[in-house]
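S.K.: No letters, just coordinates:
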Ligand code: HPA
């Protein structure tokens, strides 16, 4: 067993006796969605603080609580990550994706990834929600670099349908039925923590990106490698650098995320249920 696998297995062994159930769906709560676990959308059955898991990387960003929340969204058993681990905090990529792999080991087969992102596409507006159709990972290291975790997935992983096509169809139908406008586009991950420059955003637009952020892509790669079916949703909290000429701030990002939170939560809940009921996942 290689070091990455050893660490992951160690984490899993240390918590397996403390899990309230086998989750079907895993959910990573991005900025602004952190309150989801306390929102009444989930019947909470238990929590597990990251700090109580031996060897688990800890989030250092303000506003990111560090714990797993276990509960039911109606009949669907769900595990949520309240607080994610970011690459810009200084962790190795294998640590950044450890929590997602851990949720896979817990039994989750479906992964909902959420985030706050800057709008690159000029048709977008702050507050818009965007279904992730595809991503560009080329600006950050792959979490699969290093010895392959053969027990999870193959060395050379196909990335054609990373964001599950059937889930995307279900999400678009669900959003339409709920009257929630939903964009669809390509997400590009920058390392952060600094926001991008206008030149970087122009480059990203030329490459075909619609939204920019500092997370999600590495998690999607690790989850897809491990055979999870993925749904990704961004909250466009601001227009990316240079689009309007206005400066970016973390406060603006949080404010817009908070304003959109109710709509975002409604879409996530409806999406988890629809995906589970329509695809049997
Ligand atoms: N860039 C990168 N990450 C972000 C942004 C942005 O403009 N907004 C929220 N997260």
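M.R.: Looks like it came in fine. Here the structure is a predicted model, which is why all the values come from computation and not from measurement.
S.K.: And the strands in the stretch 1-150 of the chain, which stretches?
M.R.: For the stretch 1-150 of the chain, the strands defined by DSSP state E, counting those that start in this stretch occupy 25-29, 43-49, 67-73, 76-82, 110-119, 129-136.
S.K.: looking at those strands, which is closest to residue 264?
M.R.: Among the strands of the stretch 1-150 of the chain, strand 129-136 comes nearest to residue 264, with 6.2 Å by C-beta to C-beta. Any C-beta I mention is one placed from the backbone N, CA and C, and that applies to glycine too.
S.K.: Include mean neighbour count, mean pLDDT and distance to residue 262 when you put the strands of the stretch 1-150 of the chain into JSON lines, please.
M.R.: As requested, the strands of the stretch 1-150 of the chain are exported to JSON lines (neighbours: other C-beta atoms under 10 Å; pLDDT from 0 to 100; distance: least, C-beta to C-beta, whole Å):
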{"stretch": "strand 25-29", "mean neighbour count": "26", "mean pLDDT": "97", "distance to residue 262": "14"}
{"stretch": "strand 43-49", "mean neighbour count": "14", "mean pLDDT": "95", "distance to residue 262": "19"}
{"stretch": "strand 67-73", "mean neighbour count": "21", "mean pLDDT": "96", "distance to residue 262": "16"}
{"stretch": "strand 76-82", "mean neighbour count": "25", "mean pLDDT": "96", "distance to residue 262": "17"}
{"stretch": "strand 110-119", "mean neighbour count": "27", "mean pLDDT": "98", "distance to residue 262": "14"}
{"stretch": "strand 129-136", "mean neighbour count": "21", "mean pLDDT": "98", "distance to residue 262": "12"}
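S.K.: and those as CSV, adding distance to residue 223?
M.R.: Conversion of the strands of the stretch 1-150 of the chain to CSV gives the following (distance: least, C-beta to C-beta, whole Å):
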stretch, distance to residue 223
strand 25-29, 8
strand 43-49, 19
strand 67-73, 15
strand 76-82, 12
strand 110-119, 5
strand 129-136, 12
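S.K.: Which of those strands sits closest to residue 164?
M.R.: Among the strands of the stretch 1-150 of the chain, the nearest to residue 164 by C-beta to C-beta is strand 110-119 (8.4 Å).
S.K.: Show me which residues of the stretch 51-200 of the chain are close to the ligand?
M.R.: For the stretch 51-200 of the chain, the residues in contact with the ligand (C-beta under 6 Å from any ligand atom) are 116-118, 190, 195-196.
S.K.: Closest one of those to residue 236?
M.R.: Distance ranking of these against residue 236, using C-beta to C-beta, places residue 117 first at 5.9 Å.
S.K.: Where does the prediction get shaky in the protein?
M.R.: Within the chain, the stretches with pLDDT under 70 are 58-65.
S.K.: Scan it for its longest helix.
M.R.: Secondary structure of the chain per DSSP state H: the longest helix is helix 250-279.
S.K.: residues of it that come out buried?
M.R.: Within helix 250-279, the residues scored as buried using 16 or more other C-beta atoms under 10 Å are 250, 253-254, 256-258, 260-261, 263-276.
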